[in-house]
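**Q** Fold the following, please.
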Amino acid sequence: MKAKFSAVATLALAATAMTASADFVDRPKGYKIGERLTLRPYVSLSYTYDSNIDSTRKAKDASIFVVNPGLGAEYIDENWEVIGRAWYSYHGYSRYKSRLNKSSFGENLTFKWTDSLPNEKGWSFMLTEGFTQIAQDDDMTAHNGKGIGRDRKTFQIAGVLERRINEKWHAAGEASFYYLDYDNNIKEYAPLYGWKRTILGGEVGYAASKWTDILLAANYQWYTQDNIPNNIRYADESRGWVVMGGLGTRATERISYRILTGWSRFEYANGDAKDVNGWTYQASAKWKLSDTWNTMLLASSYYQPSERELASAIRVDSISWGLAHSMVRGKLNATFDLNYRRETHEYSYTRGYDYDDDIITARLGLNYTLNRLLQFYGRIEYQVDMCDSDYARHDYDYDRFRGTVGMRLTY
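**A** Numbering: from 1, shown residues only. Down below sits the predicted model:
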């Protein structure tokens, strides 16, 4: 089934691309049951050296051993498909064993359906869902607005229904819910502040040419933040809206993109604190440079409650770029990711919390498929966190290096 690169495809990118190049890594062949169902069981064993296990200026290094079994499955019909995965991992540390030796587990599911070919009159629908219980040593690139490095639970569900009205016009409606809950053991560390977010929105597009759509999109958001103490006078609920316009491609052989920009308003604490306003943007692009080279770009900006600081609202600007290269007749895949994230405190209850934070993460990975049963992989990651506040610098001004080698048994 060929998907339209539209609101539906944008949701697919958000659901599958945790890093910019992850979309380009070939999946194992798996075990086929009948004509349409494929199962992909696997187990990974890996070792990681971490130069800064505490993510702080006073760095302490550690070794991490991870065992990660999982099962992927997909069912593909003529006009619909279901793709899912369930996984478990155990993390063993050489330092802080009693505190950090923990398990992670999760699942995700994606459903796609369409009754027409790309750009033809008809309907398309996508639904994504996922739950995770994450240990705090998760991948450094995961700091993308969905959780700081701390034990936490997340749940998300999102859906997009699109209608291709005719050759020129199409429209879509979207709805999503996201839940973030931190494991706050105040005997060991300062609390973090999770939240719940609901979004309702829509999009209208007009095909100005064979390849280009003119787009107009808008949504409304509701936030409820956890752990607001009774002595803080602000409400724990916030709301906001976004209106954007831009361009997107309808369907090309090698390039697909969406670029939107517009105005956002965020009423933190139901307007009891400060309303935050500003221009924001969304961008996503994929380019198949050749049969062996692919590149991908994701960028966005938005407002949200702060996860780090009490009674604070932040603006997040994030851009990720990835490059992937397939070698040795597809057996060896190399990926490179570069991510930049900036957090700006637009409002803070306490003056000391008013700071800006810049995070740069780079990752280089290699994956070699020996045969359909065995893969070897390795990656190196480097992250630097730069904070402009004397108050927060001791926590958020540091660098960190990780090196990982592992093997994956698949079927």
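**Q** nearest residue to residue 157 other than its sequence neighbours?
**A** Distance criterion Cβ to Cβ, 6 or more residues apart in numbering; nearest residue to residue 157, sequence neighbours excluded, is residue 129 at 4.6 Å. C-beta coordinates here come from the backbone N, C-alpha and C atoms, glycine included.
**Q** Could you say which helix or strand holds that neighbour?
**A** Assigned by DSSP states H and E, residue 129 belongs to strand 122-134.
**Q** Which strands and helices lie in contact with that strand?
**A** Using 3 or more Cβ pairs under 8 Å, 6 or more residues apart in numbering; DSSP states H and E, the elements in contact with strand 122-134 are helix 7-16, strand 102-114, strand 152-164.
**Q** what about the residue nearest to residue 157, neighbour count?
**A** Look at residue 129: counted by other Cβ atoms under 10 Å, it has 17 neighbours.
**Q** so it touches residue 109, yeah?
**A** Yes - with contact defined as Cβ atoms under 8 Å, residue 129 counts as touching residue 109 (4.8 Å).
**Q** Wasn't residue 313 part of a strand?
**A** Yes - assessed with DSSP: H, G, I helix; E, B strand; the rest coil, residue 313 lies in a strand.
**Q** Next up, phi/psi of the closest residue to it other than its chain neighbours, please.
**A** Spatial nearest neighbour of residue 313, chain neighbours left out: residue 268 (3.9 Å); criterion: Cβ to Cβ, 6+ apart. Its backbone dihedrals place residue 268 at phi -70, psi 140, with angles given as degrees, to the nearest 10.
**Q** Any idea how many residues pack against residue 268?
**A** Residue crowding around residue 268 was assessed by other Cβ under 10 Å; the count is 28.
**Q** tell me the pLDDT at it?
**A** Looking at residue 268, its pLDDT reads 88.
**Q** close enough to count as contact, it and residue 237?
**A** No - Residue 268 sits out of contact with residue 237 when judged by Cβ under 8 Å, with a separation of 9.6 Å.
**Q** What helix or strand is residue 290 located in?
**A** Per DSSP H and E, there is no helix or strand for residue 290.
**Q** Quick one: residues contacting it.
**A** Not one residue lies near residue 290 by Cβ atoms under 8 Å, 6 or more residues apart in numbering.
**Q** Extract the residue ranges of the stretch 201-350 of the chain that are flagged as low pLDDT.
**A** The model of the stretch 201-350 of the chain has pLDDT under 70 over residues 227-233.
**Q** Break down the stretch 151-300 of the chain into its strands, ranges please.
**A** 152-164, 169-182, 195-207, 212-225, 237-249, 255-267, 275-288, 293-305 (DSSP state E, counting those that start in this stretch).
**Q** which stretch among those strands comes nearest residue 103?
**A** Closest to residue 103 of the strands of the stretch 151-300 of the chain, according to Cβ to Cβ: strand 152-164, at 12.7 Å.
**Q** Sheet-wise, list the partners of the closest one with their directions.
**A** Sheet pairing of strand 152-164 (DSSP bridges) gives strand 122-134 (antiparallel), strand 169-182 (antiparallel).
**Q** In it, which residues are buried?
**A** Neighbour-count burial for strand 152-164, counted by 16 or more other Cβ atoms under 10 Å, picks out 152-154, 156, 158-162, 164.
**Q** Next, format those residues as a markdown table and append pLDDT and distance to residue 274.
**A** Formatted as a markdown table, the buried residues of strand 152-164 follow (pLDDT from 0 to 100; distance: Cβ to Cβ, whole Å):
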| residue | pLDDT | distance to residue 274 |
| --- | --- | --- |
| 152 | 87 | 27 |
| 153 | 91 | 30 |
| 154 | 92 | 28 |
| 156 | 96 | 28 |
| 158 | 97 | 29 |
| 159 | 97 | 32 |
| 160 | 97 | 32 |
| 161 | 97 | 35 |
| 162 | 95 | 36 |
| 164 | 91 | 42 |
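**Q** Tabulate these in JSON lines, adding columns for distance to residue 59.
**A** Rendered in JSON lines, the data for the buried residues of strand 152-164 read as follows (distance: Cβ to Cβ, whole Å):
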{"residue": "152", "distance to residue 59": "23"}
{"residue": "153", "distance to residue 59": "28"}
{"residue": "154", "distance to residue 59": "27"}
{"residue": "156", "distance to residue 59": "33"}
{"residue": "158", "distance to residue 59": "37"}
{"residue": "159", "distance to residue 59": "43"}
{"residue": "160", "distance to residue 59": "43"}
{"residue": "161", "distance to residue 59": "48"}
{"residue": "162", "distance to residue 59": "48"}
{"residue": "164", "distance to residue 59": "54"}
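**Q** Nearest to residue 223 among those residues?
**A** residue 156 (14.2 Å).
**Q** who's in contact with that closest one?
**A** Residues in contact with residue 156 (Cβ under 8 Å, 6+ apart) are 128-130, 176-179.
**Q** Buried subset of the residues you listed as a ChimeraX selection?
**A** The buried subset of the contacts of residue 156, as determined by 16+ other Cβ under 10 Å, is captured in ChimeraX by this line:
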select :128,129,130,176,178,179
